[in-house]
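>>> Please find the sequence and the predicted model below.
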Amino acid sequence: MPVYVDNFMKPYMGMLMNHMIADTEEELHEMVDKIKVNRKHYQGDHYDICASKRMLALENGAVPITTRELARMAINRRRGLPLHTPRNCR
């Protein structure tokens, strides 16, 4: 199953930040290890990553999604439901 990164681009401390989520924690942690993000940035169900790390994630197979799609997927997870693909979350 893929890892997803949104297009949030919120300014934070001179960087533009995005969110990254995956179907499983294992997949998510594998990706942050590949793109060299410290696991201390884990937010319980996603990572906040800067734009340059987003690009690395995309280069390593992450799927680009909108912030709205990611939010829907996170709601599904919190309800104990499968994330579903972004297109099925609307």
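Everything's here; your move.

>>> Is L16 bridged to anything, and to what?
P11 (DSSP bridges).

>>> residues in contact with it?
M9, K10, C50, A51 (C-beta atoms under 8 Å, 6 or more residues apart in numbering). Every residue, glycine included, has its C-beta placed from N, CA and C.

>>> V5 and M20 touch, don't they?
Yes. V5 is in contact with M20 according to C-beta atoms under 8 Å; the separation is 4.8 Å.

>>> higher neighbour count, these two?
Remark: of V5 and M20, V5 carries more neighbours, 27 against 24, as counted by other C-beta atoms under 10 Å.

>>> Show the pLDDT at that one.
On the pLDDT scale, V5 is placed at 97.

>>> circling back to that earlier point, spit out the residues that contact V5 and M20 alike.
I49, R54, A57, A62.

>>> Identify the residue spatially nearest to H29, adjacent ones excluded.
R39 (6.5 Å; C-beta to C-beta, 6 or more residues apart in numbering).

>>> Tell me where the model's unsure across the chain.
In the predicted model, the chain carries pLDDT under 70 at residues 1, 85-90.
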